[in-house]
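Novice: model this:
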Amino acid sequence: MQILRTLLGVLSLGLLIFSGGCELMPASGPASRDVRAGQTNPEGLQYGFVGVTPRVADILARAVPRLATEFVDRRPAKEIRFGTGDIISVTIFEATSGGLFIPAEAGVRPGNFVTIPNQAVDVNGNISIPYAGAIRAKGRTQPQLQESIVAALRNRAIEPQVVVSLVQAQSSLISVLGDVRTPTRLPANPAGERVLDIIARAGGPASPGHDEWVLLERNGRRALVPFGALVYEPVNNIYVNANDTIYLYREPQTFLAFGALGAAANGQISFDAWRLSLAEAVGKAGGLNDSLADPASVFLYRGETRHVAEQLGIDISGFKGPIIPVIYNLNLRDPAGYYLATKFEMRNKDVIYVSNAVSVEVTKFLQYLRVINGTVNDPIQTAISAYTLKNIIHGGGNVIVGASGGGAR
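Specialist: Have a look, this model is predicted:
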(Lines give C-alpha, C1' and ligand atoms only; values in the text may rest on other atoms or scores of the structure.)
Protein backbone atom coordinates (compact mmCIF):
# COMPACT_ATOMS: atom_id res chain seq x y z
CA MET A 1 0.00 0.00 0.00
CA GLN A 2 2.87 2.36 0.85
CA ILE A 3 4.45 1.67 -2.54
CA LEU A 4 1.15 2.51 -4.29
CA ARG A 5 0.88 5.79 -2.39
CA THR A 6 4.45 6.68 -3.34
CA LEU A 7 3.81 5.86 -7.00
CA LEU A 8 0.64 7.97 -7.06
CA GLY A 9 2.51 10.84 -5.45
CA VAL A 10 5.27 10.69 -8.04
CA LEU A 11 2.73 10.58 -10.90
CA SER A 12 0.79 13.51 -9.42
CA LEU A 13 3.98 15.53 -9.15
CA GLY A 14 4.91 14.58 -12.69
CA LEU A 15 1.53 15.60 -14.09
CA LEU A 16 1.80 18.90 -12.24
CA ILE A 17 5.20 19.55 -13.80
CA PHE A 18 4.01 18.43 -17.25
CA SER A 19 0.89 20.60 -17.17
CA GLY A 20 3.03 23.59 -16.12
CA GLY A 21 4.58 23.90 -19.56
CA CYS A 22 7.26 21.19 -19.49
CA GLU A 23 9.96 23.80 -18.94
CA LEU A 24 12.19 21.01 -17.69
CA MET A 25 11.86 19.00 -20.90
CA PRO A 26 14.29 19.52 -23.81
CA ALA A 27 12.63 20.77 -27.03
CA SER A 28 13.49 22.43 -30.35
CA GLY A 29 10.85 25.14 -29.97
CA PRO A 30 7.52 26.09 -28.41
CA ALA A 31 4.75 23.57 -27.90
CA SER A 32 1.86 23.82 -30.35
CA ARG A 33 -0.60 24.79 -27.60
CA ASP A 34 1.65 27.72 -26.63
CA VAL A 35 1.80 28.99 -30.21
CA ARG A 36 -1.98 28.80 -30.57
CA ALA A 37 -2.54 30.50 -27.22
CA GLY A 38 -0.95 33.69 -28.54
CA GLN A 39 1.39 36.11 -26.83
CA THR A 40 0.74 36.19 -23.09
CA ASN A 41 3.73 38.33 -22.11
CA PRO A 42 2.66 42.00 -22.41
CA GLU A 43 6.30 43.05 -22.75
CA GLY A 44 7.06 40.50 -25.46
CA LEU A 45 6.61 40.71 -29.20
CA GLN A 46 2.96 40.55 -30.18
CA TYR A 47 1.91 38.49 -33.20
CA GLY A 48 -1.19 37.50 -35.10
CA PHE A 49 -2.21 33.85 -35.47
CA VAL A 50 -3.91 32.76 -38.69
CA GLY A 51 -5.04 29.30 -39.78
CA VAL A 52 -4.40 28.54 -43.44
CA THR A 53 -7.70 28.24 -45.28
CA PRO A 54 -8.64 28.60 -48.98
CA ARG A 55 -9.62 32.23 -48.28
CA VAL A 56 -6.27 32.97 -46.63
CA ALA A 57 -4.39 31.33 -49.51
CA ASP A 58 -6.30 33.48 -52.02
CA ILE A 59 -5.59 36.70 -50.09
CA LEU A 60 -1.86 35.92 -49.92
CA ALA A 61 -1.76 35.00 -53.62
CA ARG A 62 -3.07 38.47 -54.46
CA ALA A 63 -0.63 40.09 -52.03
CA VAL A 64 2.50 38.70 -53.74
CA PRO A 65 4.52 41.74 -54.94
CA ARG A 66 4.44 41.99 -58.73
CA LEU A 67 5.05 44.82 -61.20
CA ALA A 68 1.55 44.34 -62.61
CA THR A 69 -0.03 45.06 -59.22
CA GLU A 70 2.30 47.90 -58.20
CA PHE A 71 2.01 49.80 -61.49
CA VAL A 72 -1.62 49.52 -62.51
CA ASP A 73 -1.25 51.55 -65.73
CA ARG A 74 0.41 49.01 -68.03
CA ARG A 75 -0.25 50.84 -71.31
CA PRO A 76 2.62 51.89 -73.60
CA ALA A 77 4.42 55.05 -72.56
CA LYS A 78 2.94 58.33 -73.68
CA GLU A 79 4.61 60.19 -76.56
CA ILE A 80 8.00 61.57 -75.69
CA ARG A 81 8.27 65.29 -74.93
CA PHE A 82 11.38 67.40 -75.26
CA GLY A 83 13.25 68.42 -72.14
CA THR A 84 16.25 70.43 -71.01
CA GLY A 85 19.49 69.24 -72.61
CA ASP A 86 17.92 67.40 -75.56
CA ILE A 87 19.82 68.01 -78.81
CA ILE A 88 17.38 69.04 -81.56
CA SER A 89 17.72 69.41 -85.31
CA VAL A 90 15.38 71.82 -87.14
CA THR A 91 14.91 71.87 -90.94
CA ILE A 92 12.83 74.66 -92.52
CA PHE A 93 11.24 74.35 -95.99
CA GLU A 94 9.89 77.14 -98.18
CA ALA A 95 7.55 76.73 -101.16
CA THR A 96 9.80 78.68 -103.60
CA SER A 97 13.17 80.40 -103.68
CA GLY A 98 13.42 84.07 -102.95
CA GLY A 99 11.94 83.67 -99.51
CA LEU A 100 13.35 84.26 -96.06
CA PHE A 101 15.70 81.30 -96.06
CA ILE A 102 16.04 80.45 -99.78
CA PRO A 103 17.47 83.36 -101.87
CA ALA A 104 16.36 83.80 -105.50
CA GLU A 105 19.91 83.38 -106.79
CA ALA A 106 20.48 80.15 -104.89
CA GLY A 107 20.90 78.22 -108.12
CA VAL A 108 20.57 74.50 -108.19
CA ARG A 109 19.72 73.10 -104.79
CA PRO A 110 18.65 69.66 -103.59
CA GLY A 111 15.52 71.26 -102.23
CA ASN A 112 14.06 74.47 -100.95
CA PHE A 113 15.09 73.97 -97.33
CA VAL A 114 17.71 74.97 -94.84
CA THR A 115 18.91 73.00 -91.80
CA ILE A 116 19.68 74.95 -88.67
CA PRO A 117 22.73 73.73 -86.71
CA ASN A 118 21.90 71.28 -83.91
CA GLN A 119 21.17 72.94 -80.61
CA ALA A 120 20.27 71.91 -77.08
CA VAL A 121 17.15 72.92 -75.25
CA ASP A 122 18.42 75.55 -72.82
CA VAL A 123 17.78 75.83 -69.10
CA ASN A 124 14.74 77.97 -69.83
CA GLY A 125 13.29 75.23 -72.02
CA ASN A 126 13.74 77.12 -75.31
CA ILE A 127 15.51 76.77 -78.63
CA SER A 128 16.45 79.61 -80.95
CA ILE A 129 15.14 79.91 -84.52
CA PRO A 130 16.45 82.66 -86.84
CA TYR A 131 13.91 85.43 -87.44
CA ALA A 132 11.57 83.76 -84.93
CA GLY A 133 13.53 84.14 -81.72
CA ALA A 134 13.14 81.83 -78.74
CA ILE A 135 10.65 79.03 -79.21
CA ARG A 136 9.39 76.97 -76.26
CA ALA A 137 10.47 73.33 -76.66
CA LYS A 138 10.40 71.86 -73.15
CA GLY A 139 7.28 69.83 -72.48
CA ARG A 140 6.22 69.78 -76.12
CA THR A 141 6.02 66.86 -78.52
CA GLN A 142 7.63 66.85 -81.95
CA PRO A 143 4.42 67.87 -83.83
CA GLN A 144 3.68 70.60 -81.28
CA LEU A 145 7.16 72.13 -81.63
CA GLN A 146 6.92 72.00 -85.42
CA GLU A 147 3.59 73.86 -85.35
CA SER A 148 5.02 76.51 -83.01
CA ILE A 149 7.94 77.22 -85.36
CA VAL A 150 5.66 77.36 -88.42
CA ALA A 151 3.36 79.83 -86.63
CA ALA A 152 6.34 82.05 -85.76
CA LEU A 153 7.57 82.11 -89.40
CA ARG A 154 4.27 82.17 -91.27
CA ASN A 155 4.30 85.94 -91.88
CA ARG A 156 7.96 86.00 -92.91
CA ALA A 157 8.75 82.87 -94.91
CA ILE A 158 6.99 81.60 -98.04
CA GLU A 159 4.56 78.88 -96.92
CA PRO A 160 7.03 77.52 -94.36
CA GLN A 161 7.10 73.88 -93.32
CA VAL A 162 9.26 72.55 -90.49
CA VAL A 163 10.70 69.16 -89.58
CA VAL A 164 12.05 68.72 -86.05
CA SER A 165 14.22 65.72 -85.14
CA LEU A 166 15.61 64.55 -81.81
CA VAL A 167 19.32 64.06 -82.39
CA GLN A 168 20.31 63.06 -78.85
CA ALA A 169 17.99 62.49 -75.91
CA GLN A 170 19.09 63.78 -72.54
CA SER A 171 15.82 64.16 -70.67
CA SER A 172 13.98 60.95 -71.66
CA LEU A 173 16.49 58.29 -70.70
CA ILE A 174 16.01 54.92 -69.02
CA SER A 175 18.73 53.82 -66.60
CA VAL A 176 19.66 50.14 -66.48
CA LEU A 177 22.03 49.36 -63.62
CA GLY A 178 23.40 46.52 -61.55
CA ASP A 179 23.89 42.95 -62.67
CA VAL A 180 23.63 43.54 -66.44
CA ARG A 181 26.38 43.07 -68.99
CA THR A 182 26.39 46.72 -70.06
CA PRO A 183 25.03 49.13 -67.44
CA THR A 184 23.91 52.20 -69.35
CA ARG A 185 21.34 54.92 -69.92
CA LEU A 186 19.16 54.30 -72.96
CA PRO A 187 16.89 56.73 -74.78
CA ALA A 188 13.22 55.87 -74.50
CA ASN A 189 11.78 54.42 -77.69
CA PRO A 190 8.70 56.31 -78.92
CA ALA A 191 7.23 52.98 -80.07
CA GLY A 192 7.26 51.70 -76.49
CA GLU A 193 9.42 48.99 -74.94
CA ARG A 194 8.87 46.56 -72.09
CA VAL A 195 11.14 45.78 -69.15
CA LEU A 196 12.69 42.71 -70.79
CA ASP A 197 13.34 44.71 -73.97
CA ILE A 198 15.31 47.32 -72.04
CA ILE A 199 17.27 44.65 -70.15
CA ALA A 200 18.09 43.01 -73.48
CA ARG A 201 19.33 46.34 -74.88
CA ALA A 202 21.68 46.53 -71.89
CA GLY A 203 23.16 43.13 -72.79
CA GLY A 204 20.89 41.01 -70.61
CA PRO A 205 21.52 39.78 -67.05
CA ALA A 206 25.16 39.08 -66.28
CA SER A 207 24.20 35.97 -64.31
CA PRO A 208 20.78 34.77 -65.48
CA GLY A 209 19.01 32.43 -63.11
CA HIS A 210 16.47 32.05 -60.36
CA ASP A 211 18.48 34.20 -57.95
CA GLU A 212 18.14 37.35 -60.05
CA TRP A 213 15.92 40.23 -58.83
CA VAL A 214 14.56 43.20 -60.78
CA LEU A 215 13.79 46.56 -59.16
CA LEU A 216 11.76 49.13 -61.11
CA GLU A 217 11.61 52.71 -59.83
CA ARG A 218 9.19 55.23 -61.34
CA ASN A 219 8.21 58.64 -59.98
CA GLY A 220 9.34 57.75 -56.48
CA ARG A 221 7.57 54.36 -56.40
CA ARG A 222 9.41 51.05 -56.35
CA ALA A 223 8.52 47.44 -57.05
CA LEU A 224 10.76 44.42 -56.63
CA VAL A 225 10.16 41.05 -58.33
CA PRO A 226 12.17 37.95 -59.20
CA PHE A 227 13.48 37.92 -62.76
CA GLY A 228 11.47 34.74 -63.31
CA ALA A 229 8.26 36.70 -62.69
CA LEU A 230 8.97 38.70 -65.88
CA VAL A 231 9.68 35.58 -67.93
CA TYR A 232 7.00 33.19 -66.67
CA GLU A 233 4.29 35.74 -65.89
CA PRO A 234 4.12 38.02 -68.98
CA VAL A 235 1.64 40.35 -67.26
CA ASN A 236 4.59 41.63 -65.19
CA ASN A 237 6.61 42.53 -68.30
CA ILE A 238 5.08 46.01 -68.37
CA TYR A 239 5.98 48.96 -70.59
CA VAL A 240 8.73 51.27 -69.34
CA ASN A 241 8.44 55.05 -69.25
CA ALA A 242 11.00 57.76 -69.79
CA ASN A 243 13.18 58.36 -66.70
CA ASP A 244 12.46 54.90 -65.27
CA THR A 245 15.29 53.16 -63.41
CA ILE A 246 15.78 49.40 -63.67
CA TYR A 247 18.20 47.75 -61.25
CA LEU A 248 19.19 44.08 -61.32
CA TYR A 249 20.95 42.27 -58.51
CA ARG A 250 21.59 38.71 -57.43
CA GLU A 251 20.41 37.40 -54.06
CA PRO A 252 19.64 33.73 -53.35
CA GLN A 253 16.21 33.20 -51.79
CA THR A 254 16.31 31.13 -48.62
CA PHE A 255 14.05 30.00 -45.80
CA LEU A 256 14.72 28.60 -42.33
CA ALA A 257 13.40 25.23 -41.14
CA PHE A 258 13.22 24.10 -37.50
CA GLY A 259 11.51 21.46 -35.42
CA ALA A 260 10.25 17.99 -36.23
CA LEU A 261 11.36 17.82 -39.84
CA GLY A 262 13.59 15.39 -41.71
CA ALA A 263 16.94 14.37 -40.27
CA ALA A 264 19.65 17.06 -40.50
CA ALA A 265 17.21 19.35 -42.34
CA ASN A 266 17.07 22.14 -39.77
CA GLY A 267 18.75 25.38 -40.79
CA GLN A 268 18.90 27.63 -43.84
CA ILE A 269 17.67 26.12 -47.11
CA SER A 270 17.88 27.70 -50.57
CA PHE A 271 14.84 27.97 -52.84
CA ASP A 272 16.87 26.90 -55.90
CA ALA A 273 13.94 28.28 -57.92
CA TRP A 274 12.37 31.66 -58.54
CA ARG A 275 9.16 30.54 -56.83
CA LEU A 276 8.51 27.91 -54.14
CA SER A 277 5.32 26.66 -52.47
CA LEU A 278 5.03 25.69 -48.82
CA ALA A 279 4.55 22.05 -49.83
CA GLU A 280 7.81 22.15 -51.80
CA ALA A 281 9.59 23.87 -48.91
CA VAL A 282 8.51 21.18 -46.43
CA GLY A 283 9.67 18.57 -48.93
CA LYS A 284 13.07 20.28 -49.31
CA ALA A 285 13.37 20.24 -45.51
CA GLY A 286 13.02 16.45 -45.51
CA GLY A 287 9.29 16.27 -44.86
CA LEU A 288 7.69 15.71 -41.49
CA ASN A 289 9.51 13.42 -39.08
CA ASP A 290 7.16 10.46 -38.65
CA SER A 291 8.48 9.78 -35.13
CA LEU A 292 8.20 13.33 -33.80
CA ALA A 293 5.98 15.67 -35.82
CA ASP A 294 2.43 16.73 -35.16
CA PRO A 295 1.01 17.15 -38.69
CA ALA A 296 -1.57 19.61 -37.41
CA SER A 297 1.14 21.92 -36.07
CA VAL A 298 3.05 23.19 -39.10
CA PHE A 299 3.76 26.88 -38.47
CA LEU A 300 5.14 29.55 -40.78
CA TYR A 301 6.51 32.84 -39.40
CA ARG A 302 6.35 35.94 -41.60
CA GLY A 303 5.88 39.70 -41.46
CA GLU A 304 2.90 41.11 -43.37
CA THR A 305 1.89 44.66 -44.17
CA ARG A 306 -0.87 46.20 -42.12
CA HIS A 307 -3.21 46.11 -45.12
CA VAL A 308 -2.72 42.37 -45.68
CA ALA A 309 -2.94 41.61 -41.95
CA GLU A 310 -6.25 43.44 -41.76
CA GLN A 311 -7.56 41.44 -44.72
CA LEU A 312 -6.60 38.26 -42.85
CA GLY A 313 -8.85 39.28 -39.96
CA ILE A 314 -6.12 40.35 -37.51
CA ASP A 315 -6.93 43.18 -35.11
CA ILE A 316 -4.04 45.51 -35.97
CA SER A 317 -5.00 48.24 -33.48
CA GLY A 318 -2.57 46.87 -30.92
CA PHE A 319 0.40 46.71 -33.29
CA LYS A 320 2.88 49.44 -34.10
CA GLY A 321 4.86 49.91 -37.28
CA PRO A 322 4.12 49.02 -40.90
CA ILE A 323 4.88 45.28 -40.54
CA ILE A 324 2.74 42.90 -38.47
CA PRO A 325 4.34 39.62 -37.23
CA VAL A 326 2.09 36.73 -38.27
CA ILE A 327 2.23 33.00 -37.54
CA TYR A 328 0.36 30.81 -40.04
CA ASN A 329 -0.84 27.37 -39.01
CA LEU A 330 -1.19 24.64 -41.65
CA ASN A 331 -3.02 21.44 -40.65
CA LEU A 332 -1.57 18.51 -42.60
CA ARG A 333 -3.79 16.02 -40.77
CA ASP A 334 -6.50 17.36 -43.03
CA PRO A 335 -6.12 15.75 -46.49
CA ALA A 336 -6.94 19.12 -48.09
CA GLY A 337 -4.02 20.68 -46.20
CA TYR A 338 -1.56 19.39 -48.76
CA TYR A 339 -3.48 21.09 -51.56
CA LEU A 340 -3.49 24.36 -49.60
CA ALA A 341 0.26 23.97 -49.10
CA THR A 342 0.75 23.91 -52.88
CA LYS A 343 -1.14 27.22 -53.20
CA PHE A 344 0.72 28.91 -50.32
CA GLU A 345 3.71 30.69 -51.86
CA MET A 346 6.91 31.02 -49.83
CA ARG A 347 8.75 34.31 -49.51
CA ASN A 348 12.39 35.08 -48.98
CA LYS A 349 13.49 34.61 -45.31
CA ASP A 350 10.31 32.79 -44.20
CA VAL A 351 10.64 30.52 -41.14
CA ILE A 352 9.00 27.08 -40.94
CA TYR A 353 8.59 25.40 -37.56
CA VAL A 354 6.95 22.01 -36.93
CA SER A 355 6.24 21.20 -33.28
CA ASN A 356 6.41 17.77 -31.66
CA ALA A 357 3.34 15.64 -31.08
CA VAL A 358 1.99 15.50 -27.51
CA SER A 359 2.93 11.85 -27.28
CA VAL A 360 6.57 12.79 -27.83
CA GLU A 361 6.44 15.20 -24.91
CA VAL A 362 4.84 12.51 -22.74
CA THR A 363 7.55 10.06 -23.72
CA LYS A 364 10.25 12.62 -22.84
CA PHE A 365 8.58 13.17 -19.49
CA LEU A 366 8.42 9.45 -18.72
CA GLN A 367 12.09 9.12 -19.63
CA TYR A 368 12.77 12.03 -17.31
CA LEU A 369 10.94 10.23 -14.49
CA ARG A 370 12.92 7.08 -15.26
CA VAL A 371 16.17 9.02 -14.90
CA ILE A 372 15.00 10.50 -11.59
CA ASN A 373 13.92 7.09 -10.36
CA GLY A 374 17.24 5.58 -11.40
CA THR A 375 19.15 8.44 -9.72
CA VAL A 376 17.25 7.88 -6.47
CA ASN A 377 17.47 4.08 -6.55
CA ASP A 378 21.14 3.79 -7.48
CA PRO A 379 22.55 4.90 -4.07
CA ILE A 380 20.05 2.65 -2.29
CA GLN A 381 20.97 -0.34 -4.43
CA THR A 382 24.64 0.49 -3.94
CA ALA A 383 24.18 0.64 -0.17
CA ILE A 384 22.26 -2.64 -0.15
CA SER A 385 24.89 -4.33 -2.28
CA ALA A 386 27.67 -3.03 -0.04
CA TYR A 387 25.85 -4.16 3.09
CA THR A 388 25.23 -7.61 1.61
CA LEU A 389 28.84 -7.95 0.55
CA LYS A 390 29.98 -6.92 4.02
CA ASN A 391 27.79 -9.57 5.65
CA ILE A 392 29.08 -12.18 3.30
CA ILE A 393 32.66 -11.25 4.07
CA HIS A 394 32.35 -10.90 7.82
CA GLY A 395 29.44 -13.19 8.56
CA GLY A 396 30.41 -16.07 6.29
CA GLY A 397 34.17 -15.60 6.48
CA ASN A 398 34.73 -18.41 8.98
CA VAL A 399 32.92 -20.83 6.74
CA ILE A 400 35.12 -19.84 3.82
CA VAL A 401 38.27 -19.93 5.89
CA GLY A 402 37.23 -23.15 7.63
CA ALA A 403 36.59 -24.84 4.36
CA SER A 404 39.91 -23.80 2.99
CA GLY A 405 41.69 -24.77 6.20
CA GLY A 406 39.93 -28.09 6.57
CA GLY A 407 37.99 -27.19 9.72
CA ALA A 408 34.56 -25.71 10.31
CA ARG A 409 32.67 -24.42 13.30
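Novice: dump the residue contacts of Gly203.
Specialist: Contacts for Gly203 (Cβ atoms under 8 Å, 6 or more residues apart in numbering) come out as 180-182. In short, each C-beta sits where N, CA and C put it, glycine included.
Novice: Leu177: which element?
Specialist: strand 173-178 (DSSP states H and E).
Novice: May I see the buried residues of the following helix or strand past that strand?
Specialist: Next helix or strand after strand 173-178 toward the C-terminus (DSSP H and E): strand 184-187. With burial defined by 16 or more other Cβ atoms under 10 Å, the residues of strand 184-187 counted as buried are 186-187.
Novice: Can you list the helices and strands that strand 184-187 packs against?
Specialist: On a contact count with 3 or more Cβ pairs under 8 Å, 6 or more residues apart in numbering; DSSP states H and E, strand 184-187 meets strand 173-178.
Novice: in the strand it packs on, what counts as buried?
Specialist: Going by 16+ other Cβ under 10 Å, strand 173-178 has these buried residues: 173-176, 178.
Novice: what does it rub up against?
Specialist: 183-188, 198-199, 201-202, 215, 240, 242-249.
Novice: Now, those residues that are in strands?
Specialist: 184-187, 215, 245-249 (DSSP state E).
Novice: re earlier: got CSV for the buried residues of strand 173-178, with distance to Lys78 too?
Specialist: Formatted as CSV, these follow (distance: Cβ to Cβ, whole Å):
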residue, distance to Lys78
Leu173, 16
Ile174, 14
Ser175, 19
Val176, 21
Gly178, 27
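Novice: Quick check: of those, which lies closest to Pro54?
Specialist: Gly178 (38.4 Å; Cβ to Cβ).
Novice: Run through the bridge partners of the closest one.
Specialist: Note on Gly178: beta-bridge partners by DSSP bridges are Leu248.
Novice: Quick check: buried residues in the helix or strand hosting Thr342?
Specialist: Using DSSP H and E, Thr342 falls within helix 336-343. Using 16+ other Cβ under 10 Å as the test for burial, helix 336-343 gives 337, 340-341, 343.
Novice: The helix or strand following that helix packs against which elements?
Specialist: Note on helix 336-343: by DSSP H and E, the next helix or strand toward the C-terminus is strand 351-356. Secondary-structure packing of strand 351-356 (3+ Cβ pairs under 8 Å, 6+ apart): strand 254-259, helix 278-284, strand 293-305.
Novice: strands paired with strand 351-356, and their directions?
Specialist: When sheet partners are counted by DSSP bridges, strand 351-356 sits next to strand 254-259 (parallel), strand 293-305 (antiparallel).
Novice: Could you list the buried residues of it?
Specialist: Buried residues in strand 351-356, defined by neighbour count with 16+ other Cβ under 10 Å: 352-356.
Novice: do stretch 253-263 as well
Specialist: Residues of stretch 253-263 classed as buried: 253, 255, 257-262 (neighbour count, 16+ other Cβ under 10 Å).
Novice: okay, the residues you listed in JSON lines with distance to Gly133 next?
Specialist: As requested, the buried residues of stretch 253-263 are exported to JSON lines (distance: Cβ to Cβ, whole Å):
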{"residue": "Gln253", "distance to Gly133": "59"}
{"residue": "Phe255", "distance to Gly133": "66"}
{"residue": "Ala257", "distance to Gly133": "72"}
{"residue": "Phe258", "distance to Gly133": "75"}
{"residue": "Gly259", "distance to Gly133": "78"}
{"residue": "Ala260", "distance to Gly133": "82"}
{"residue": "Leu261", "distance to Gly133": "78"}
{"residue": "Gly262", "distance to Gly133": "79"}
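Novice: Out of the helices and strands packed on strand 351-356, flag the one nearest Ile80.
Specialist: That would be, of those and by Cβ to Cβ, strand 293-305, which comes in at 35.3 Å.
Novice: tilt between that closest one and helix 336-343?
Specialist: Angle, strand 293-305 to helix 336-343, by axes from the mean of the first three to the mean of the last three Cα atoms, to 10 degrees: 40 degrees.
Novice: and Val35, that's in a strand?
Specialist: No - under DSSP: H, G, I helix; E, B strand; the rest coil, Val35 sits outside any strand and is assigned helix.
Novice: Wait, it touches Phe49, no?
Specialist: Yes - in this structure Val35 lies within contact range of Phe49 using Cβ atoms under 8 Å: 7.3 Å.
Novice: which of these two has more neighbours?
Specialist: More crowded of Val35 and Phe49, by other Cβ atoms under 10 Å: Val35, with 19 against 15.
Novice: that older thread, need the helices and strands packed on strand 351-356 in CSV with mean pLDDT and distance to Glu147, can you?
Specialist: Shown next, in CSV, are these (pLDDT from 0 to 100; distance: least, Cβ to Cβ, whole Å):
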stretch, mean pLDDT, distance to Glu147
strand 254-259, 93, 58
helix 278-284, 94, 60
strand 293-305, 94, 48
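Novice: for these, which one sits closest to Ala77?
Specialist: With Cβ to Cβ as the yardstick, what comes closest out of the helices and strands packed on strand 351-356 is strand 293-305 (29.0 Å).
Novice: ok so, going back, what angle separates the strand holding Leu177 from strand 245-250?
Specialist: Using the same axes, to 10 degrees: strand 173-178 against strand 245-250 is 10 degrees.
Novice: ok but Ile393 is inside a helix, no?
Specialist: Yes - judged by three-state DSSP, Ile393 forms part of a helix.
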